[in-house]
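S.K.: okay, structure incoming, though there's no sequence with it:
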Ligand SMILES: [Zn+2]
């Protein structure tokens, strides 16, 4: 298992559609309910098993317009070792 060089947390990598490897939290995939491409907190960045990348605002299951997505939380959501925003 890999470790993040910035914060030493356990991570896995998922290959994105653009061929780049993206670090995600090292745990089972989860179901997220979120508002795609909307600003606000809490921010989430999610990578799916087919290599798609999504970002938006975390929501709850019964909110209007919420998107249900299964995947992994991008490590860039939580990494505390990074001072700069990741280059998406
Ligand atoms: Zn990290």
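M.R.: Ah, there it is. Keep in mind the model is a prediction, meaning the values are calculated, not measured.

S.K.: quick check: closest non-adjacent residue to residue 52.
M.R.: Residue nearest to residue 52 in three dimensions, not counting chain neighbours: residue 17, with 6.2 Å by CB to CB, 6 or more residues apart in numbering. All C-beta atoms are positioned from the backbone trio N, CA, C, and that covers glycine.

S.K.: what pLDDT does the model give residue 67?
M.R.: Residue 67 carries a pLDDT score of 96 in this model.

S.K.: show me where the protein has its helices.
M.R.: Using DSSP state H, the helices of the chain run over residues 75-78.

S.K.: residues contacting the spatially most distant residue from the centre of the chain?
M.R.: Farthest-out residue of the chain from its mean C-alpha position, per CA atoms, centre = their mean: residue 64, at 21.5 Å. By CB atoms under 8 Å, 6 or more residues apart in numbering, no residues touch residue 64.

S.K.: near the ion, which residues of the chain are found?
M.R.: Residues of the chain lying near the ion by CB under 5 Å from the ion: 4, 6, 7, 79, 81.

S.K.: does residue 17 touch residue 48 like I think?
M.R.: No: between residue 17 and residue 48 there is no contact under CB atoms under 8 Å: 9.8 Å.

S.K.: who's more crowded, the two?
M.R.: Taking neighbours as other CB atoms under 10 Å, residue 17 and residue 48 compare with residue 48 leading, 17 against 10.

S.K.: so what's the more buried one closest to, chain neighbours aside?
M.R.: That would be residue 71: by CB to CB, 6+ apart, it lies 3.9 Å from residue 48.
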